[in-house]
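**Q** give me a 3D structure for the following:
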Amino acid sequence: MRFIGSLIKYLIYISLITIAAGAALFWFDTGSWLAKPLIERGGGFFLHPMKIELGNVSGSLRNGYTLDGLRIISGDETLAVLNHASVSPDWDLVLSGLDGIPFIKSLNVHGLSTDLDGVMKIASVFPPSSEDKPEPVAQPFDLKLNPANISVRDIHFGSPFADLRLDAMTLDEAGKFLLDAQISSRDNVLPLTANADLNLPSAEIISSDIRIGTKGTAKLLGKIQPLDAKIFLTALQLDDFTRLISPDMKASGRIDAKIRAKDDEGAIQAYGVVSMPRAEVMNIPLNFRLPFTWNGRNIFTLDDATLNTKAAGATLTVRGDIERMKFTAKGEGRNISLTEIGTMFAPDMNLRGEGGYVKFDADTEYSDDITAMLFQRTRADVKADIPSVSAMGISAAENLTANISLKPGTVPHISVGGKTFGGKIFARGGAVTDSQGTVKPEGLVMSIVNLDLPSLVRAIPQLSGIIENPQGKITARAAISDTLNVNAKITSDRVGAYGVVLTGLNADADYDITGGTAALHDFTANLGRGRITARGNADINTGTFSAKADANNIEPRIIPMLRDVAGSYSLKADASGNFTDLKTIKAQALLTARNAGYSDVKKGNADIPISMAGGVVKVSDASIDSREVPPASRPKLTS
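**A** Down below sits the predicted model:
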């Protein structure tokens, strides 16, 4: 019995000591010797290799703790700084079973400073799980907010795009919420203030008055959890936001929105409309309306969105399955005004044209392999029609049409037709992919018939300043094979510039895009009573080339700047070498002149052989036959 009595006494002593120690931990100051080491070592463990440095920590479990100074450090770099924080727990809530949140009487945070780079570095120590686990399904629950006094002041978050400064945010025990903040970039500031009343037990926003920028207002009403809220945005000023992006971007107008967000068995649904009834961006008047729906389960829809400007009106419908990365879209652009487009982007060309139309219908499945996505996972039909286009008062195009068709597993088809600069334009063909996934054309042919050269030059200011007195019409045809060989043919009955007119022009050339080789198979043209022919080939990769040219019976007097040169001239020449090194080029030529003369100089004949090698040009054994010089005295020149 004595033993049992001693044991009971011992247990009582231990209990009293334990109670006393617990009371001491609960009531006495444990900030410096308990809370501070726990925070530094625990935080350092979770943020390794970063570390946490704390300033003075004071307080107790009973009354709460106060922290003066905190830094998160990585090497020599400070990622985040906190000047002051204090928290006081509500033990009545804690002991009653934590019914609702928060379980504190007060929270004060003052002077937190960090930036996007710091946050990203802190987040990097928490890598995402590599295990394939099913995503947990969020279950709706009724949130209960307990009364508390929360104050957050002087918070600064920096980023390369804009800085956020939170001057003050408070929530008192009566549910009164106040916010005073601003977003700034390049000396431009977007102020943001809010005043709201919350029903704390039910976590419901009863009323709110939010001010955004210079004139914008917003209201947020409804329950926070389970979410059932309405958002109204009114008269947000477009220039308040564009100034944050670029001070030079001129914009005006207002943005309005009505949005409903709701929790549907754990999935957050949202639907509404965002509109800009009238605005001007870079001196371009426009308006848009974007009705959208998010079903909370990966499906996003943009239904009959509209965009109207002076240059065009457009409608667009999009449906996207975010999880499967499948998208469908259809839309049209109507009343396309090339007059307005030219005024905005090319005022010097004096573009004119109204009534353009574009319509498309497409669906695709996203892939990192863009080629595979376009040719194997995309269906699309695109149609475009432009009734007329003029530039600099010249008709540039009439009745232009374009059709593009894409179907998975088949050859995409493209066709273009219409009139341009007095001629007709045609294009048709498709594209395929080879075994390596390289895109190659198939049956691609482009033709322009009887293009009027004077109209083309007058319509393009850059050409009209260079080409003088253009004349004639040109017909051109280009075909690209699946081996990426381009064959081009150009013909013209009569074409000219600078007073020089060629007739019977015919040119035929090939260019191998893959191999880098070019060949001029035939070039023929008549200049007056004379004729010019040429042919040759070149390797763009190595720089080697060879060419031959003949000019027979050319009369310089038909060229305005050579009208005082009399006689008939012929030239036969061939050359080869490397065009990147003049010294490698070898050339032979024979210039023949008959009845040659200049101004009042008497006429005569000449045969002048010309050669080139090692970068040196030589004239040798030239003979000149002048009617004023006796035959025995006619010279032969060597140089």
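**Q** name the nearest residue to residue 271, sequence neighbours excluded.
**A** Using CB to CB, 6 or more residues apart in numbering and skipping residues adjacent in sequence, the residue nearest residue 271 is residue 293, 4.4 Å away. Where C-beta positions appear, they are placed from N, C-alpha and C, glycine not excepted.
**Q** quick one: low-confidence ranges for the stretch 501-639 of the chain?
**A** 600-602, 622-639 (pLDDT under 70).
**Q** re earlier: just give the number of residues close to the residue nearest to residue 271.
**A** Using other CB atoms under 10 Å, the number of residues around residue 293 comes to 15.
**Q** can you check residue 187 too?
**A** By the measure other CB under 10 Å, the count of residues near residue 187 is 7.
**Q** again with residue 580
**A** For residue 580, the count of nearby residues is 9 (other CB under 10 Å).
**Q** and residue 420, by the same measure?
**A** Counted with other CB under 10 Å, residues neighbouring residue 420 total 20.
**Q** that one pairs with what?
**A** residue 397, residue 423 (DSSP bridges).
**Q** what do you get for residue 402?
**A** The partner residues for residue 402, given DSSP bridges, come to residue 384, residue 416.
**Q** what strand or helix carries the residue nearest to residue 271?
**A** Per DSSP states H and E, residue 293 falls inside strand 284-294.
**Q** how far does the helix or strand residue 593 falls within sit from the chain's center?
**A** If you go by DSSP H and E, residue 593 is part of strand 581-598. Relative to its chain's centre, strand 581-598 lies at 53 Å (CA atoms, centre = their mean, to the nearest Å).
**Q** who touches residue 445 in this structure?
**A** By CB atoms under 8 Å, 6 or more residues apart in numbering, the contact set of residue 445 is 426-429, 477-480.
**Q** pull stretch 345-364 out as CSV, backbone CA atoms only.
**A** Presented in CSV, the C-alpha positions along stretch 345-364 are these (Å, rounded to 0.1, in the frame of the first residue of the first chain):
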residue,chain,number,x,y,z
PHE,A,345,-1.1,51.1,-93.2
ALA,A,346,-0.1,52.4,-96.7
PRO,A,347,-1.4,55.9,-97.2
ASP,A,348,1.0,56.7,-100.0
MET,A,349,-0.5,54.0,-102.3
ASN,A,350,-4.0,55.6,-102.4
LEU,A,351,-5.7,52.2,-102.2
ARG,A,352,-9.4,52.0,-103.1
GLY,A,353,-11.7,49.0,-102.8
GLU,A,354,-14.9,48.0,-100.9
GLY,A,355,-17.0,45.0,-100.3
GLY,A,356,-14.4,42.3,-99.6
TYR,A,357,-15.5,39.1,-98.0
VAL,A,358,-13.8,36.2,-96.2
LYS,A,359,-15.4,33.1,-94.8
PHE,A,360,-13.8,30.1,-93.0
ASP,A,361,-14.8,26.9,-91.2
ALA,A,362,-12.1,24.8,-89.5
ASP,A,363,-11.4,22.2,-86.8
THR,A,364,-8.1,20.9,-85.6
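**Q** what's the average pLDDT for that stretch?
**A** The average pLDDT within stretch 345-364 is 86.
**Q** picking up where we left off before, quick one, which of the contacts of residue 445 are buried?
**A** Among those, those classed as buried by 16 or more other CB atoms under 10 Å are 427, 429, 477-480.
**Q** among those residues, which ones are in strands?
**A** 427, 429, 477-480 (DSSP state E).
**Q** hmm, back to that, tell me which strands the strand holding residue 593 pairs with, and in which orientation.
**A** The strands beside strand 581-598 in its sheet (DSSP bridges) come out as strand 565-578 (antiparallel), strand 604-613 (antiparallel).
**Q** tally of neighbours for residue 496?
**A** When neighbours are counted by other CB under 10 Å, residue 496 registers 17.
**Q** which pLDDT does the model give it?
**A** Reported pLDDT for residue 496: 92.
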